[in-house]
Structures are given as structure tokens and as C-alpha cells.
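[1] how would this look folded up:
(one chain, ligands or ions: 1)
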Amino acid sequence: MPVQTKNPAVPKTVESPINPWEVALKQLEIVAKHMKLDPGIQSYLSYPKRCLIVSVPVRMDDGSIKIFEGYRVQHNLARGPAKGGIRYHPGVTLDEVKALAFWMTLKCAVLGLPYGGAKGGVRVDPKKLSLAELERMTRRYTSEISIIIGPGKDIPAPDVYTNSQTMAWMMDTYSMGIGHSAPGVVTGKPLEIGGSLGRNEATGRGCVYTIENAFRKLHWNLKGTTAVIQGFGNAGSVCAKLLADLGVQVIAVSDSKGGVHSPQGLDVPKLILLKNKGGSVTDYSGSGVTRLTNQEILELKCDILVPAALENQITGANAARIQARLIAEAANGPTTPEADEILYKKEVFLLPDILANAGGVTVSYFEWVQDNLAYFWKEEEINQRLEDLMSAAFENVYLLAQEEKVDMRMAAQILAVRKIAQALKMRGIYP
Ligand code: GLU
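    The predicted model follows:
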């Protein structure tokens, strides 16, 4: 049960009515059936290896003590140390973190990164905390999960509402506990303490590389197409900027406050400026600009739809009304299996999360390698390596989709599950 107090920063239950862990298990069931997967391996992947639930007491600025609930889930370690971000959000639940950890296991396998999957989260509305409270909460949460994290064990990174500052506090807290600096314990750090060039933009950049790969493969022309982007955080805003740079007209964007739409296209740098000043995309004005909800923008006629916010946005309830030609999932788990089926029948080309948003963890891997070597690469080198890995993964998934006559999600999942199953079989069951 989530901790409930009268403190507004400790939210009441606000999670989505669709349970993300049930979605993940359903996906696994579908892929296992298609692959005729050994039922033993299927059930192996149906249980996360470790789920740590921690209480995070924080002394608030007014002197009171508040308790937040935090989680770290390691889903599977067959292919290497656990890897995955930390999310601060009022909707975080253990089941959500389990699903996100499962998707990390698959994502790392699709990209061929030597990692298993993990995820962490704290059920908190970080916008209601002062910076000092946020720091104390991050440090106590890190200290609580330090029994299972470490540079060779489990390496956190940013996710929704966490950033390089959060990672700096985590790195420092962990390092204080062991008596020396351990930059490789987290990725997505500031450059000054072992971060990597290109990490900040990596999720959006990787997503745009994947969109370009898909357009090339489908013989579509990217220039002059239109895009709609739900969510204007790190992934969504970088995607919007890079797409606009490629001559794509970004006609609608949204954030947690709602969306804006202009058939003539929005000025992306202006939107980024608004966000950087602490505002919302809904503050954007101009001729022909209308306000829409987060749900409404998904149904706009466009070429490219990028869900870059949270899970369960495209469901059985709205999938039939999606008008995009291509969907690139910058978010984790934005589409339910019911919606997948509808979109496939409508011939919408869907780039699944475990491929499309893997740029973040890929450059996290580069960061970790650089930390381990204590030798740092140039930004062009990082972006080139990112493009190489993302393009190879796209190619593998696309070929498999053709061979198996399945959609890109199923192909990506088959590829991932094959690799994980091989690792599990090679390692065997202990003892
Ligand atoms: N949170 C990001 C994801 O969902 C990045 C994870 C990482 O870099 O470890 O892929």
C-alpha cells in the first residue's frame, strides 16, 4: 500500500486504471506464444529478480517529517549488471516500476548492451518539493537502495522528473558511503563528474535516428511531413527540435498542463524557451494556435506521432481514431496490446519503445564505459556510435518483422527474448 499522509507532496493514488505490469505480462504472453518459448523461460521472465521497497523519510523545510515510498526493481540480470532510470512521479507504483524494469531488460537486449534491466521510482510530486527537500529525499532514497546498486551491480539513470542534478546527488551519496568517488554508479551525470557528452540529448536523438531509418526503409520522404509530440520533457523536446531541424513541421505538442496545436507549425525553439523559463507549452501563443488536451493531440492528422510522456496513452479506446502514418514511442509503454492490434490492422507503422527510445540507455552505456576507462570521447564520436548501434538494431528488428510477418514490437520482443533466453540457458539455473 502506498504511504498516504496529509502532505500534498505525498500524493493520493493517481495511477492509471490500466496496470502496466499486466500490460508487460500480456506482451510477454503474446511473444512467448508466437515464439513457442519454453514455458520455463516465460515464467522466469514473469518474475522480477528483486523488488526492493523502501520508506524514504524526509525532514521538510518547515521541520515536519514526511515519508515517501520508493522502489528499485531488478528484473533480470542474465546479460549483465542491472540498468535503468529513476522516476519521481505521483503515479509511481511497484507494478509500474516492475513493468519499466522488464522493458529495460528487453531494451538492453535489443541494442546488444551488456546489461540486464532495472528501474526505480519514488511516489512523489517533485514539483511540490523545494530544491533542498528534493536533495534530501534523493540522498535518503539513494542510501536506502545502496544495498543493491553499484557500478558493477545496478546502475541508475534519469527518467521522468529526474535529471543530471539528481544523478549528481545520487553519485555523491553512494560515494560518501563507500569512502571514495564511484562515478560509474549512475549515468546521466553532469559532465564535471564523469558524465558523457551527448547523454542529455540521447533519447530524443536516438528516436529521431530510428524515425529516419524507418522513413528510408519505407521510401517515404521526411522533409515537409508533420509531427505531433505528446510530452515535452527531455525526450519530447529534443525530438521536436531535431525533427524541426530536418524540415518536419511540428504541428502540436503537449506537457502535463495540456497541448497546443497550429496547422501552420509551431516554433520549436520558442517552445523550448518557454519550458526552460519554468513555463508550460500551453503558454505558447500565436495566430491560428488552439489549445487541446493531451488525449486530443494524439488523434490529430499527422505523419509522425511521438508519445513522449507516460504509459497507456494509446489504448483500445482511442487507437481506432489515430490518424498518424508512423508512431515512434519515445515514452516507455505508451501503447497497450489491444491498441497494437488495432494499429497494425490500420497499417500504422509503429516503432516500439524498446527500440525507439533506446538512445538514452545506449549513451548511458557509453558513459559507463568512459567512467570505467577514465577516458572520455568527443561528442561526434558518441553520436556516431549511437547512430551505428541504433541503425543496426533497427535493421535487425525490421528484418525479423519481415521474416516473421509481425509488427515491429513483436519483432523487437522476439529478438530480445531470444538473446535473454540464450544467456539464461548458457548460464543455467543455480545451483
Ligand atoms: N530512463 C531511460 C530509459 O527508460 C534511460 C535508462 C538508462 O539510461 O539507464 O530508457
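
[2] hey, let's count contacts and neighbours off CA atoms from now on
    Fine.

[3] in the stretch 201-350 of the chain, which residue sits closest to the ligand?
    N332 (6.4 Å; Cα to the nearest ligand atom).

[4] count the residues that sit near that residue.
    22 (other Cα atoms under 10 Å).

[5] measure it to A235 for me?
    11 Å (Cα to Cα, to the nearest Å).

[6] ditto for Y161
    Separation of Y161 from A235 (Cα to Cα): 11 Å.

[7] what about these two, which has more around it?
    The residue with more neighbours, out of Y161 and A235, is A235; 29 against 15, by other Cα under 10 Å.

[8] in the helix or strand where the more buried one lies, what's buried?
    Secondary-structure element containing A235, defined by DSSP states H and E: helix 234-245. Using 16 or more other Cα atoms under 10 Å as the test for burial, helix 234-245 gives N234, A235, G236, S237, V238, C239, A240, K241, L242, L243, A244.

[9] the ligand versus M104, what's the distance?
    Distance of M104 to the ligand, given as Cα to the nearest ligand atom, to the nearest Å: 6 Å.

[10] beta partners for L305?
    Beta-bridge partners for L305, by DSSP bridges, are V228, I327.

[11] that one touches I327, doesn't it?
    Yes: shown here, L305 and I327 form a contact pair, counting by Cα atoms under 8 Å, at 4.7 Å.

[12] re the thing from before, could you confirm the residue of the stretch 201-350 of the chain closest to the ligand falls within a strand?
    No: secondary structure of N332 (DSSP: H, G, I helix; E, B strand; the rest coil): coil, not part of a strand.

[13] list the residues that contact it.
    Residues near N332 by Cα atoms under 8 Å, 6 or more residues apart in numbering: L100, W103, A309, L310, E311, D353, I354, N357.

[14] could you look up the SS state of Y88?
    With three-state DSSP as the basis, Y88 sits in strand.

[15] to clarify, my last question referred to E395.
    Applying three-state DSSP: E395 is helix.

[16] and it, how many neighbours?
    E395 - counted by other Cα under 10 Å - has 16 other residues nearby.

[17] over to Q264?
    14.

[18] please, which helix or strand holds G278?
    Residue-wise, G278 maps onto no helix or strand under DSSP H and E.

[19] buried ones in stretch 338-354?
    So stretch 338-354, judged by 16+ other Cα under 10 Å, has buried residues A339, D340, I342, L343, V348, F349, L350, L351, P352, D353, I354.

[20] ok, which pair from the residues you listed is furthest apart?
    Between any two of the buried residues of stretch 338-354, the greatest separation by Cα to Cα is 19.7 Å, found for I342 and I354.

[21] got the residues of the stretch 1-150 of the chain near the ligand?
    K83, G84, G85 (Cα under 6 Å from any ligand atom).

[22] now K66: which helix or strand?
    Counting by DSSP H and E, K66 is found in strand 65-76.

[23] which pLDDT value goes with the residue in the stretch 301-431 of the chain positioned nearest to the ligand?
    Residue of the stretch 301-431 of the chain nearest the ligand, by Cα to the nearest ligand atom: V361 (3.4 Å). pLDDT, V361: 98.

[24] and the stretch 151-300 of the chain, which residues reach the ligand?
    P156, A157, P158, D159.

[25] in strands, which of the residues you listed fall?
    P156, A157, P158 (DSSP state E).

[26] and the buried ones among those, selectable in PyMOL?
    To isolate the buried subset of those in PyMOL, counting by 16+ other Cα under 10 Å, use the following:
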select buried, resi 156+157+158
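
[27] kindly reformat the ones in strands among the residues of the stretch 151-300 of the chain next to the ligand as CSV containing distance to M426 and pLDDT.
    Shown next, in CSV, are these (distance: Cα to Cα, whole Å; pLDDT from 0 to 100):
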residue, distance to M426, pLDDT
P156, 27, 99
A157, 29, 98
P158, 32, 98
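
[28] hang on, the earlier thing: ok, the residues of the stretch 151-300 of the chain next to the ligand vs N200, which is closest?
    P158 (9.6 Å).

[29] that closest one touches I86, doesn't it?
    Yes: contact criterion Cα under 8 Å: P158 and I86 qualify, at 5.5 Å.

[30] look at the nearest residue to A401 once chain neighbours are set aside and tell me its secondary structure.
    Of all residues not flanking A401 in the chain, A411 sits nearest, at 4.9 Å (Cα to Cα, 6 or more residues apart in numbering). Secondary structure for A411, judged by three-state DSSP, is helix.

[31] pretty sure A411 sits against L400.
    Yes: the criterion here is Cα under 8 Å, and A411 meets it with L400 at 5.6 Å.

[32] neighbour count for the two, which is higher?
    It is A411, of A411 and L400, that has more neighbours when counted by other Cα under 10 Å, with 24 against 19.

[33] spit out the contact partners of the more buried one.
    Going by Cα under 8 Å, 6+ apart, A411 touches V397, Y398, L400, A401, E404.

[34] bridged to A252, which residues?
    Bridge pairing for A252 - DSSP bridges - gives V228, H261.

[35] fine, thanks again, bye for now.
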